[in-house]
Structures are given as structure tokens and as C-alpha cells.
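Visitor: Need coordinates for the below:
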Amino acid sequence: MLAVSLFVGACATPGGYSGVPGENRAERLAAAGEHEDAARVYISLAAEASLQERDRLKVLAVEQWLDAGEINLARNAFRSIPQPTTTESRHLWNTNAAALALYAGEADEALDILETMSRQSLSERHRLRVEALRADAWIQKGDPARAIELMTQREMWLSDRRSIERNRQRLWQGLLVSEPQQLRAAADLTLDREVRGWLEISSLAASTGQQGIGWINGAVRWREAVSYTHLTL
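Guide: Predicted structure coming up:
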């Protein structure tokens with residue numbers, strides 16, 4: 001359940017560096033969601049790269065293994081990588097560290113990294129990853145309303161329909177592994193209509209498994225009650 005809530009609909013952000021020959025191929029694989037293949041390309045390039053480039057490429061490989069759900073590979077490789085000195089690579093190193101903390105169930109440790117990063121000037125690539133991981137952390141901490149707010153705001157940096165759909169699917173999968181009672185309690189407390197809609201329908205989905213007449217009737221009532229189409233049910 002933890003793995004599902006973390007990286008369903010992974011960010012699929014390309015490397016964005018293209019510093020060594022062959023790196024463009026890894027970026028294309030990452031953008032296409034072929035994260036394991038992208039990681040293999042990055043780690044292969046790292047084996048032949050200069051010392052300066054090696055750690056940067058390994059950090060990119062770790063990111064792709066995380067998005068592929070290959071946590072042991074990511075963790076083992078990450079242990080050997082010192083924190084980079086360049087800003088872009090350091091941001092990526094930090095988000096990898098936060099993601100590994102989340103996989104270990106250490107949401108507070110992840111937030112220590114991510115909340116600090118969220119107040120910094122970040123490239124769009126890093127901003128998108130930070131905000132998605134912050135949402136994952138708040139779901140882990142039992143605050144689904146905060147996660148919904150973050151993922152809704154994250155859409156401000158997304159320009160195409162496919163990316164927005166992936167963003168919403170990622171949030172939906174995270175909410176589905178939350179406790180139904182927790183979701184209902186959060187819905188009762190929130191004043192934001194959009195956030196409450198997410199919480200109410202996800203509570204119903206989590207409690208029914210999206211099956212049976214209760215789910216069907218509840219989904220119909222929800223569609224009639226809200227004017228936005230935020231979920232593909």
C-alpha cells in the first residue's frame with residue numbers, strides 16, 4: 001500500500017541535463033515512463049563517465065529506480081553518493097533522500113527536507129517533484145486534506161491534459177490507501193468545497209472498494225452534487 005501511495009503515476013520528468021553523450025536517450029525513456037530502462041542507461045553512462053559526472057548520473061539513476069518502485073536498487077546506489085555541491089544535482093539528491101524516507105515510513109524526516117525545499121527557488125522539474133512528495137508525506141501523516149490542496153496547487157505548473165490527469169490519478173491512488181474514517185473526518189472539517197468533494201468520494205471508494213450498489217449510488221450522488229470533474233471514476 002505504501003508503494004502504491006507513493007509513486008503511482010510517477011512524475012515522469014526527464015533528466016533535463018544532457019551533459020554526456022547518450023543522456024538524451026535516458027531522458028526520453030524517463031519521459032515515456034520507462035523508468036527501469038532509463039535507470040539502466042544512466043548507471044551505464046556513470047560507469048564510463050568522469051568523476052565529476054559520475055555522481056550526477058548515479059543520482060539520476062536513483063530517481064528512475066524510485067519511480068520504477070525498485071527501492072532496494074535505489075537505496076543501495078544512493079548510499080554511495082555524497083551530497084552534490086551543484087544546485088541542480090543537490091536538489092535531485094534531496095528529493096531522492098525524501099522519497100527513500102517515505103518508503104521507510106519516515107514522513108517527518110521527508111518533510112524536514114521537502115518543506116525547506118518548497119520555500120526555495122526551484123526549477124519546474126524540481127518543484128513538481130517536491131510538491132508531489134509533500135502530498136505523499138501528508139497522506140502518510142494522516143492529513144489527506146493537505147495532500148489534496150498540494151496536488152491541486154501542483155496543477156498550476158502543468159500545461160497539458162495528460163500531465164493533469166496523471167496528477168489527479170496519483171492523488172486518487174494515495175487517497176484510496178487512506179483510512180475511510182480518516183477521510184470522512186477530514187471532509188467534515190474542511191470548508192473548501194473542492195477538497196471536501198475529493199474527501200467524500202475517496203472515503204466512499206476506500207470503504208466499498210469501488211464495488212457494489214453503495215459505490216454506484218454514491219458516485220452518482222457525488223457527480224450530481226459537484227460541478228467540477230476532478231476524478232475519472
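
Visitor: Could you check stretch 75-87 and say which residues are buried?
Guide: Across stretch 75-87, burial judged by 16 or more other C-beta atoms under 10 Å covers 75, 77-78, 81, 84. Bear in mind the C-beta positions are built from the backbone N, C-alpha and C, glycine included.

Visitor: Taking those, tell me the two that lie furthest apart.
Guide: Farthest pair in those (C-beta to C-beta) is 75 and 84. Separation: 17.9 Å.

Visitor: sorry, back to before: so can I have JSON lines of the buried residues of stretch 75-87 showing pLDDT and secondary structure?
Guide: Listed next are the buried residues of stretch 75-87 as JSON lines, based on pLDDT from 0 to 100; DSSP: H, G, I helix; E, B strand; the rest coil:
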{"residue": "75", "pLDDT": "97", "secondary structure": "helix"}
{"residue": "77", "pLDDT": "96", "secondary structure": "helix"}
{"residue": "78", "pLDDT": "97", "secondary structure": "helix"}
{"residue": "81", "pLDDT": "95", "secondary structure": "coil"}
{"residue": "84", "pLDDT": "91", "secondary structure": "coil"}
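
Visitor: Redo the residues you listed as TSV? Include distance to residue 170.
Guide: Below are those laid out as TSV (distance: C-beta to C-beta, whole Å):
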residue	distance to residue 170
75	22
77	24
78	22
81	26
84	27
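
Visitor: C-terminal to the worst-scoring helix or strand of the chain on mean pLDDT, what's the next element?
Guide: For the chain, using mean pLDDT, DSSP states H and E, the weakest element among its helices and strands is helix 2-7, scoring a mean of 51. Using DSSP states H and E, the helix or strand that follows helix 2-7 in sequence is helix 23-31.

Visitor: buried sites along that following helix?
Guide: Neighbour-count burial for helix 23-31 [16+ other C-beta under 10 Å]: 23, 26-27, 29-30.

Visitor: how about those residues in JSON lines, adding distance to residue 187 and pLDDT?
Guide: Putting those into JSON lines (distance: C-beta to C-beta, whole Å; pLDDT from 0 to 100) gives the following:
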{"residue": "23", "distance to residue 187": "45", "pLDDT": "91"}
{"residue": "26", "distance to residue 187": "42", "pLDDT": "94"}
{"residue": "27", "distance to residue 187": "40", "pLDDT": "94"}
{"residue": "29", "distance to residue 187": "40", "pLDDT": "94"}
{"residue": "30", "distance to residue 187": "36", "pLDDT": "93"}
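
Visitor: if we take these, which one ends up nearest to residue 60?
Guide: residue 26 (7.1 Å).

Visitor: Tally up the residues packed near the residue lying closest to that closest one once chain neighbours are set aside, please.
Guide: Nearest non-adjacent residue to residue 26, counting by C-beta to C-beta, 6 or more residues apart in numbering: residue 41, 3.9 Å away. Around residue 41 there are 25 other residues, counting by other C-beta atoms under 10 Å.
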